[in-house]
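>>> how would this look folded up:
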Amino acid sequence: MPPTRWSAVARAGDRSLDAWVHDLEVLVRLYRPVLVRHLVSRFRMSPDRAEDTVQAFLVEKVLVQNVVRQATPQRGRFRSFILTVLDHFATSRLRAQGALKRRATERDAARLDDLHETPQGGASVSDAFDALWARQVLARALALMREECARTKERQILWDLLEARTLGPVLNNAAPLPYDELVTRFGLRSPAEASNLLVTAKRMFARTLRRVVRETVSEGREVESEIRELKRILSK
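Presented below is the predicted three-dimensional model:
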């Protein structure tokens, strides 16, 4: 989590504030899918088991024990803090359930012990968590835009063009469709019209992305720094 969100973290952990529930819900909604995917990747859990583990973690550690209250900028990045707590929690559950045994092999035992020392600045874990977070934000923004565009025929063309010219090539590693082909496919008057509509679609997505990011920050002025952080992560 970028440093600009520390104010939201502080509010989420302060039970004396009326707004703590809202701020905690925002954090959970944004990060829960990321935490699940982290467990699937790091612990080789099935998606269902990872979901159950994260649910237990959120109830026991976040809601009941309020571990968010212990997170401070002085202790390092929030993502490193929450990953360390989650990894310890998951490891304890696996051991208690007998899923991992020290006597299995020396290699397994060493790997299990390593999980208890997740480094605060671990580049690989931290970078992977950043990437998952960034993709989660983008996925939410795209879903909201698609839903909004589906409401009217005029806006549906914006989503169709964005998907055909920009999203499809990125997701499928293919060349963007030529504007002449876009004109034919969507019944437009000219390549110039297709280009103008695509610019409008990109602007709409930028507004939607800012709206999603704004949900995670305490002040509007923090939005642009979060957008820059997203671009930095996705450019790797």
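>>> please make it C-alpha for all contacts and neighbour counts, starting now.
Will do.
>>> buried ones in the host helix or strand of residue 135?
According to DSSP states H and E, residue 135 maps onto helix 123-149. For helix 123-149, the neighbour count (16 or more other CA atoms under 10 Å) marks 125-126, 128-138, 140-142, 144-146, 149 as buried.
>>> and it, what does it pack onto?
Applying 3 or more CA pairs under 8 Å, 6 or more residues apart in numbering; DSSP states H and E, we find helix 123-149 packed against helix 20-43, helix 78-96, helix 153-162, helix 191-214, helix 223-234.
>>> need those in CSV (columns: distance to residue 179).
Below are the helices and strands packed on helix 123-149 laid out as CSV (distance: least, CA to CA, whole Å):
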stretch, distance to residue 179
helix 20-43, 36
helix 78-96, 42
helix 153-162, 10
helix 191-214, 5
helix 223-234, 27
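>>> reformat the ones you listed as JSON lines; add mean pLDDT.
Below are the helices and strands packed on helix 123-149 laid out as JSON lines (pLDDT from 0 to 100):
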{"stretch": "helix 20-43", "mean pLDDT": "80"}
{"stretch": "helix 78-96", "mean pLDDT": "85"}
{"stretch": "helix 153-162", "mean pLDDT": "93"}
{"stretch": "helix 191-214", "mean pLDDT": "93"}
{"stretch": "helix 223-234", "mean pLDDT": "82"}
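>>> let me see the contact set for the residue positioned nearest the centre of the chain.
By CA atoms, centre = their mean, the chain has its centre lying nearest to residue 133, at 2.4 Å. By CA atoms under 8 Å, 6 or more residues apart in numbering, the contact list for residue 133 reads 30-31, 34.
>>> how is this protein carved up into domains?
3-121, 139-234 (automatic domain parsing).
>>> follow-up on the earlier one: so which of the helices and strands packed on helix 123-149 is nearest residue 14?
Nearest of the helices and strands packed on helix 123-149 to residue 14, taken as CA to CA: helix 20-43 at 6.2 Å.
>>> go through that closest one and flag the buried ones.
Within helix 20-43, the residues that count as buried by 16+ other CA under 10 Å are 20, 23-24, 26-27, 30-40, 43.
>>> now swap in stretch 176-185 and tell me
Neighbour counts using 16+ other CA under 10 Å place 179, 182-183 of stretch 176-185 among the buried residues.
>>> CA-only coordinates of stretch 48-56 in PDB, if you can.
In PDB, the C-alpha atoms belonging to stretch 48-56 read as follows (Å, rounded to 0.1, in the frame of the first residue of the first chain):
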ATOM      1  CA  ASP A  48     -11.600 -22.100  -1.800                       C
ATOM      2  CA  ARG A  49      -9.100 -22.800   1.000                       C
ATOM      3  CA  ALA A  50      -7.500 -19.400   0.500                       C
ATOM      4  CA  GLU A  51     -10.900 -17.700   0.700                       C
ATOM      5  CA  ASP A  52     -11.600 -19.500   4.000                       C
ATOM      6  CA  THR A  53      -8.200 -18.600   5.400                       C
ATOM      7  CA  VAL A  54      -8.600 -14.900   4.500                       C
ATOM      8  CA  GLN A  55     -12.100 -14.800   5.900                       C
ATOM      9  CA  ALA A  56     -10.800 -16.300   9.200                       C
END
